[in-house]
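>>> model this:
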Amino acid sequence: MRYESAPDTLFRELRSGAVALNLKTGQYYSLNEVGTRMWVLLQQEDALDAVVETIVAEYEVEAEVAAQDVARLLEELLDSGLIRKQ
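Numbers count the residues shown, from 1 in each chain. Next up is the predicted model:
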């Protein structure tokens with residue numbers, strides 16, 4: 001399942017990561033380089049497994065750790081209203 005930025009979300013990449021702002025609540029979320037990559041992949045891939053595989057391939061991380069990190073970030077982004085299911 002793919003995800004997309006919520007309509008009231010402003011997302012900007014920076015040199016060392018990105019910032020996402022929920023325009024309704026004024027809440028912002030700072031992402032590091034890996035978090036930014038996960039954000040992009042969540043909007044491109046149809047399966048969370050593909051996101052995890054890409055993170056494992058691009059960064060030195062165990063698959064189990066990457067899966068936990070992707071799941072945690074996804075939950076936080078959904079809870080904060082920054083992304084939604086497509």
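>>> Can you check which helix is longest in the chain?
Assignment by DSSP state H gives helix 63-79 as the longest helix of the chain.
>>> Identify each buried residue in that one, please.
Across helix 63-79, burial judged by 16 or more other Cβ atoms under 10 Å covers 66-67, 69-70, 73-74, 77. All C-beta spots, glycine's among them, are computed from the backbone N, C-alpha and C.
>>> ok, so of those, who is nearest residue 2?
Closest approach between these and residue 2, by Cβ to Cβ: residue 74, at 11.6 Å.
>>> list the contacts for the nearest residue to that closest one once chain neighbours are set aside?
Spatial nearest neighbour of residue 74, chain neighbours left out: residue 42 (6.5 Å); criterion: Cβ to Cβ, 6 or more residues apart in numbering. By Cβ atoms under 8 Å, 6 or more residues apart in numbering, residue 42 lies in contact with 2-3, 51, 70, 74, 77, 83.
>>> Could you give the average pLDDT over the helix or strand hosting residue 37?
Under the criterion of DSSP states H and E, residue 37 resides in helix 33-44. Average pLDDT, helix 33-44: 96.
>>> List the buried residues for that helix?
34-39, 41-42.
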